[in-house]
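Trainee: I'd like to go over a predicted model; first the sequence, then the structure.
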Amino acid sequence: MIEVVIDDRCGGCGSCVEVCPSDVLARGPNGKAVIARQADCQTCYLCELYCPEDALFVWPQTDRVAGITPQQALATGDVGGFRRDSGWDEHAATHTNQHWRMGAIFERARLMAIEDADAKTARTEDGRTK
Amino acid sequence: MAQDDDTSHWETDVLVIGGGLAGTWAAIAAAREGARVILADKGWCGTSGVTATAGPGHWWVPPEHREAAVADRLKRSLGLGDPDWMARILDLTWTSLPQLAKHYAFSTDEQGRVQYRGLRGPEYMRAMRAFALEAGATILDHHPALELLTDPDGVVTGAAGVALRGERPWTIRAGAVVLATGGCAFASRLLGSATNTGDGMLMGVEAGADLSGMEFTNYYTPMQAGTNMARSMSFAFARWFDEADKELDIPAGPDVSPHLARALLKGRLYCRLDRIPRDIREVMPQVQPNFVRPFARMGVDAYAERFEVSLVSEGTVRGIGGLRIDGRFCQTAAPGLFAAGDAASRELVTGAISGGGAVNSSWALSSGQWAGQGAAAFARQRGNASGRLHHIGQAGLRPTSRLASVDLPAAVQTVRDEMGAYDRNIFRTGEALAASGEKLDEAWGEIAAHAGGWGRGLLRAREAAALVAAARWSKASALQRRESRGMHRREDAPGLDPRLASRQRAQGLDHVVTRFETASPGNTRLEAVA
């Protein structure tokens, strides 16, 4: 669930309020984002992608509020990590989209599984002959 | 439902409900036909739905290999697929994806070849939003639809809903409507599925549409326990362990989940991803940036340590059932109403096995375009749809008895339990299906009699009604299919029954009925099961 809005990072642009598919965030009295309906959060992390200031932090647990503080969030070292790895905005040049490799990765897994199965069969046959 | 001067009214030719992959393609196709198009999304078109959190591959097959691809898929569809529909989506996928090049930066491989097959979710849906806007569609974000409207002849003529900002009711009069509301995840907390509560199925059935394939709702995906990160790629390399750290003999492959479920019914299950080669680990954050977040944040070295896993139900998302398609333009059985994407049954293109991984995305972009074209033509032919509009929504909106407080979270939890539990939904028996059906009937009765409300509360009541309705159709269909076919696995009826090599329809609100399409001894009558 969304756990943290780092108040002194939030520039009040309202992007996260707009893009949240579950309408979890709202603008507070000073225009900055606040978590208005935390229980509705679906832990999709997409608000982080659309936050140019890396002011938001989603905790991976889905079914309960963990009570993460801004200090704990920053201590993970992963605030802004999703936007960086996705190569959005200023990260475009350094973190290109490598998603297209998925097919080849699945294929590697498939070939490894076949090798393993062959090895297992060989071991079993070996065991029988001995 | 309050109808007062505060209600916003619009008129359009085509109304698309749902702004995921299928809905955006429907809006684009309808706009290209010259129709005025409004797309209303429950969330935000661009982040809503299961495409935005995933990385969908497509059924991307060069023309010379398509005949073989269809033949292979048809064989695996176990009698429920249709080769013509398979060929149609292969053709349309091939010509559609390159059209996105202005909005999506397709990658090139080491040889400089453009890679169209797979797109990363957040960027894909961001591109689809831009594409739909460019085509001329009007997008209403945070505008959940709650019910369909019909004209005096019963032809679907728009929808009504609530705008979440300000909690104002809205109505849209439309010449035709496309339901692209996504699959139903049965409240399983599957990644990206929070808004996928089966709304389109309920709205459609109220208007006279029917469903098909609702027994195929038991595809499960492994993920780190307590999270929702059901990205399956890395688990293709997984080794599995029980609580005593003994490695389990579970072969890798597409059918791993039932093995994992059996292990989970015995106790805790753990996973090691230590076989993932180093070069893949290095590139992983840029292949699937969301997959690595739970590990990075919770301080788990996923490639060295074991971590606990569970299975999440994908409902009809990677399951199959939905609104029955009744024509080449994705008409439903209700006049003026079209269905696309996961809101529709995908049996035509995938049969009794999951279309996850490639076929479903091709189906979404294809069925979306056909539904959009069909809706535009229907609206054009109809001319101005004038006259009085009937609001046809029932359970969750207009209680048949007095409006009273209903424990909606408890109803949703019943759906989560009955449609999620491994021993009730993966390994099925007639007895357990009937028992689940009774619990769900009770929840339905309570909601239909008393649930309602205002604003967001009304949306929650309606979502609960849709979840319960979809679960009842699923249990009834699974009960009647007394055999095991594809993902539908009956412990009390193992193996295929050749007499049941036929698609099964479901409909009904207070009384659920199912019927097999092909008449054969023993299944010719419309069977009331609730």
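Mentor: That came in fine, so what should we check first?
Trainee: the nearest residue to residue B:351 once chain neighbours are set aside: what's it in contact with?
Mentor: Distance criterion Cβ to Cβ, 6 or more residues apart in numbering or on different chains; nearest residue to residue B:351, sequence neighbours excluded, is residue B:77 at 2.2 Å. All C-beta spots, glycine's among them, are computed from the backbone N, C-alpha and C. By Cβ atoms under 8 Å, 6 or more residues apart in numbering or on different chains, the contact list for residue B:77 reads B:347, B:350, B:351, B:352, B:353, B:486.
Trainee: ChimeraX command for the buried members of those?
Mentor: The buried subset of these, as determined by 16 or more other Cβ atoms under 10 Å in any protein chain shown, is captured in ChimeraX by this line:
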select /B:347,350,351,352,353,486
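Trainee: got the contacts of residue B:77 as CSV, with secondary structure columns?
Mentor: Output for these, formatted as CSV (DSSP: H, G, I helix; E, B strand; the rest coil):
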residue, secondary structure
B:347, helix
B:350, helix
B:351, coil
B:352, coil
B:353, coil
B:486, coil
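Trainee: and of the contacts of residue B:77, the nearest to chain A?
Mentor: Using Cβ to the nearest Cβ, residue B:353 is the member of the contacts of residue B:77 that sits closest to chain A, with 17.1 Å.
Trainee: give me the nearest residue to residue B:70, chain neighbours excluded.
Mentor: The shortest distance from residue B:70 to any non-neighbouring residue, by Cβ to Cβ, 6+ apart, is to residue B:86 (4.6 Å).
Trainee: and that neighbour, that's in a helix?
Mentor: Yes: assignment of residue B:86 by three-state DSSP places it within a helix.
Trainee: and the pLDDT at the residue nearest to residue B:351?
Mentor: Here, the pLDDT recorded for residue B:77 equals 96.
Trainee: now do the SS call for residue B:10.
Mentor: For residue B:10, the assignment made with three-state DSSP gives strand.
Trainee: residues near it, how many?
Mentor: Residue B:10 is flanked by 16 other residues according to other Cβ atoms under 10 Å in any protein chain shown.
Trainee: name the residues of the stretch 51-200 of chain B found near chain A, please.
Mentor: For the stretch 51-200 of chain B, the residues in contact with chain A (Cβ under 8 Å from any Cβ of the partner chain) are B:52-53, B:55, B:57, B:105-107, B:109, B:115, B:117-120, B:122-123, B:141-142, B:164, B:189, B:191-195.
Trainee: and if we set it to 6 Å?
Mentor: Counting by Cβ under 6 Å from any Cβ of the partner chain, the stretch 51-200 of chain B comes close to chain A at B:53, B:55, B:107, B:115, B:118, B:120, B:122, B:142, B:164, B:189, B:192, B:194.
Trainee: the residues you listed into a markdown table, with extra columns for pLDDT and neighbour count?
Mentor: A markdown table is the format used below for those (pLDDT from 0 to 100; neighbours: other Cβ atoms under 10 Å in any protein chain shown):
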| residue | pLDDT | neighbour count |
| --- | --- | --- |
| B:53 | 97 | 26 |
| B:55 | 94 | 23 |
| B:107 | 96 | 18 |
| B:115 | 97 | 17 |
| B:118 | 95 | 24 |
| B:120 | 97 | 26 |
| B:122 | 98 | 27 |
| B:142 | 98 | 22 |
| B:164 | 97 | 18 |
| B:189 | 95 | 20 |
| B:192 | 97 | 27 |
| B:194 | 96 | 25 |
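Trainee: need the max-distance pair from those residues.
Mentor: Pairwise distances across those peak at 37.4 Å for B:115 and B:164 (criterion: Cβ to Cβ).
Trainee: which residues in the chain form helices?
Mentor: You didn't pick a chain, so chain A it is. For chain A, the helices defined by DSSP state H cover A:15-19, A:46-49, A:70-75, A:81-85, A:102-129.
Trainee: my bad, the chain I had in mind was chain B
Mentor: Remark: helices assigned in chain B by DSSP H are B:21-32, B:66-76, B:83-96, B:121-135, B:199-207, B:256-266, B:278-287, B:293-298, B:347-350, B:359-382, B:408-420, B:430-450, B:455-480.
Trainee: nearest to residue A:112, out of these?
Mentor: Closest among these, using Cβ to Cβ: helix B:278-287, at 10.8 Å.
Trainee: and the contacts of the closest one?
Mentor: Contact partners of helix B:278-287, identified using Cβ atoms under 6 Å, 6 or more residues apart in numbering or on different chains, comprise A:85, A:95, A:98, A:99, A:101, A:105, B:292, B:303.
Trainee: for chain A, what lies in contact range of chain B?
Mentor: When proximity is defined by Cβ under 6 Å from any Cβ, chain A lies next to chain B at A:19, A:21-23, A:42-46, A:49, A:60-62, A:76, A:78, A:82, A:85-86, A:95, A:97-102, A:105-106, A:109, A:113.
Trainee: please identify the most buried of the helices of chain B.
Mentor: helix B:21-32 (a mean of 31; mean count of other Cβ atoms under 10 Å in any protein chain shown).
Trainee: gap between that helix and the chain center?
Mentor: Distance, stretch centre to chain centre, for helix B:21-32: 17 Å (Cα atoms, centre = their mean, to the nearest Å).
Trainee: residue A:116 versus residue B:429, what's the distance?
Mentor: Computed as Cβ to Cβ, to the nearest Å, the residue B:429 to residue A:116 distance reads 34 Å.
Trainee: now the angle between helix B:359-382 and the longest strand along chain B, please.
Mentor: Longest strand of chain B, by residue count under DSSP state E: strand B:168-179. Put simply, strand B:168-179 runs at 100 degrees to helix B:359-382, going by axes from the mean of the first three to the mean of the last three Cα atoms, to 10 degrees.
Trainee: contact partners for the residue of chain A found nearest chain B?
Mentor: When scored by Cβ to the nearest Cβ, chain A has residue A:21 as its residue closest to chain B, at 3.0 Å. Residue A:21 makes contact with B:43, B:44, B:47, B:48, according to Cβ under 6 Å, 6+ apart.
Trainee: may I see those residues organised as CSV, with pLDDT, neighbour count and distance to residue B:173 added?
Mentor: Shown next, in CSV, are the contacts of residue A:21 (pLDDT from 0 to 100; neighbours: other Cβ atoms under 10 Å in any protein chain shown; distance: Cβ to Cβ, whole Å):
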residue, pLDDT, neighbour count, distance to residue B:173
B:43, 98, 27, 24
B:44, 98, 24, 24
B:47, 98, 31, 28
B:48, 97, 33, 24
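Trainee: that older thread, what about the residue nearest to residue B:351, distance to residue A:6?
Mentor: 50 Å.
Trainee: repeat for residue A:108
Mentor: From residue A:108 across to residue A:6, the span is 39 Å (Cβ to Cβ).
Trainee: the nearest residue to residue B:27 once chain neighbours are set aside: neighbour count?
Mentor: What sits nearest to residue B:27 in space, not counting adjacent residues and going by Cβ to Cβ, 6+ apart, is residue B:137, at 4.0 Å. Residues contacting residue B:137 under the criterion other Cβ under 10 Å number 27.
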